[in-house]
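*Asks:* For reference, the sequence and a predicted model appear below.
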Amino acid sequence: MSFEVLVFLVLVALVFDFMNGFHDAANSIATVVSTRVLKPHWAVIWAAFFNFAALFVFELKVASTIGKGMVDIAVVDHHVVFGALIGAISWNVITWYYGIPSSSSHALVGGITGAAVAKAGSDALIASGLVKPVIFIVVSPLLGFVLGSMLLLAVSWICVRSAPAKVDRWFRRLQLVSASFYSLGHGGNDAQKTVGIIWMLLIAAGLSSPNEPIPYWAVVACYVTIALGTWFGGWRIVKTMGQRITKLKPVDGFCAETGGGLTLFTTAALGIPVSTTHTITGAIVGVGSARNVSAVRWGVAGGIVWAWVLTIPCSAFIAGVAWWAGTLFL
């Protein structure tokens, strides 16, 4: 692998990282914008700051899972990394264009597996590393659902004798805390996925090894880039996340963001790459269901679930084609 190809692929990885922040900005800001606690331009600045601040909070366990835990590292070369990134970026662009809150995380998982299988067949996959993100396609939104709905029920019981205007005023302030909490979890989970990809590339180039620490420049670059992506924001998805699934009040936003944030902090500590999109969507549905099952637009939620189901196979297919193209041109 030439130095020029290495630099090119690092830049492509950072493009994915930027797209991840851009695509997933709605996860962090949709509730706080839709409840009118913050104006959109302040909301993205708030979320971007805490995306970057996650650099100082989380260990690099998710990066380790992505970098050496899902496919045989001996199979990985610059063609595999190229295919993985093109598969993930392409699926992100498609779902962003149609305003569908799909998972950048699972697009990357699909991209890595699709490119590796295209090169070396299914023997290249590490089952123990893949089973966690696949299982958490279901588990993370369920955790968000349960935690979001339980928090709303607890808050409703605590505030049962308080005036609605007072409750609204308090939770407009508290939602700033919950939005920052969720944005920390988002940065801690999603920035590390690109860190893992760059580490995988450096190992393939012989500039690092699975037993060495991840280069700090790669970590900082990924956190800065995802924060910039969040700053620019994915406005097409904000409306879907914030209002089309269910109508939100500040107390609902607080419970959804806190439930989602708790899920992300837990999975990041365990080194499990999960979808921040799945998590916050589950939390929003949980909050809506706790108020009234009919308050949730289940047709919209069902369409989002279909996107979740299709993400890994579609991004894997695109990655396989991109791997083949990469072998011709890189």
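*Replies:* Cool, the structure landed. The model shown is predicted, which means the values in this text are computed figures rather than measured ones.
*Asks:* need the contact list for residue 265.
*Replies:* Neighbouring residues of residue 265 by CB atoms under 8 Å, 6 or more residues apart in numbering: 184, 185, 188. Every residue, glycine included, has its C-beta placed from N, CA and C.
*Asks:* State the three-state secondary structure for the first one.
*Replies:* In other words, residue 184. Secondary structure, DSSP: H, G, I helix; E, B strand; the rest coil: residue 184 is helix.
*Asks:* Now the phi/psi pair for residue 98, please.
*Replies:* Dihedral angles of residue 98 (phi, psi; degrees, to the nearest 10) stand at phi -90, psi 0.
*Asks:* Near it, how many other residues are there?
*Replies:* Using other CB atoms under 10 Å, the number of residues around residue 98 comes to 13.
*Asks:* Give me the pLDDT for it.
*Replies:* Looking at residue 98, its pLDDT is 78.
*Asks:* quick one: it from residue 280, how far?
*Replies:* As judged by CB to CB, to the nearest Å, residue 98 and residue 280 stand 19 Å apart.
*Asks:* likewise residue 217?
*Replies:* 30 Å.
*Asks:* More neighbours: which of the two?
*Replies:* Regarding residue 217 and residue 280, a neighbour count based on other CB under 10 Å identifies residue 280 as having more, with 32 against 9.
*Asks:* That one and residue 258 touch, don't they?
*Replies:* No: between residue 280 and residue 258 there is no contact under CB atoms under 8 Å: 10.9 Å.
*Asks:* thinking again about what came up before, any idea which of the contacts of residue 265 is closest to residue 69?
*Replies:* Lowest distance from residue 69 to these (CB to CB) belongs to residue 188, with 17.2 Å.
*Asks:* Please, which helix or strand holds the closest one?
*Replies:* According to DSSP states H and E, residue 188 maps onto helix 164-204.
*Asks:* Off-centre distance for that helix?
*Replies:* Distance of helix 164-204 from the chain centroid (CA atoms, centre = their mean, to the nearest Å) equals 9 Å.
*Asks:* Can you tell me, leaving aside adjacent residues, what's nearest to residue 223?
*Replies:* Nearest residue to residue 223, sequence neighbours excluded (CB to CB, 6 or more residues apart in numbering): residue 55, at 4.3 Å.
*Asks:* ok, the one you found - contacts?
*Replies:* Counted by CB under 8 Å, 6+ apart, residue 55 has contacts 187, 191, 219, 220, 223.
*Asks:* Specify the local secondary structure of it.
*Replies:* helix.
*Asks:* ok so, going back, identify the contacts common to residue 280 and residue 258.
*Replies:* residue 182.
*Asks:* Within its local environment, how many residues does the residue nearest to residue 136 when sequence neighbours are not counted see?
*Replies:* Excluding its sequence neighbours, the residue lying closest to residue 136 (CB to CB, 6+ apart) is residue 274, at 4.6 Å. Applying other CB under 10 Å, we find 30 residues neighbouring residue 274.
*Asks:* if I look at residue 274, how far off is residue 84?
*Replies:* Residue 274 is 18 Å from residue 84, by CB to CB.
*Asks:* for this protein, which spans come out with low pLDDT?
*Replies:* 26-28, 101, 233-247, 293-304 (pLDDT under 70).
*Asks:* For it, which segments count as helices?
*Replies:* Applying DSSP state H to the chain gives helices spanning 3-34, 40-53, 61-68, 78-97, 104-120, 127-158, 164-204, 216-232, 235-239, 250-270, 276-291, 298-329.
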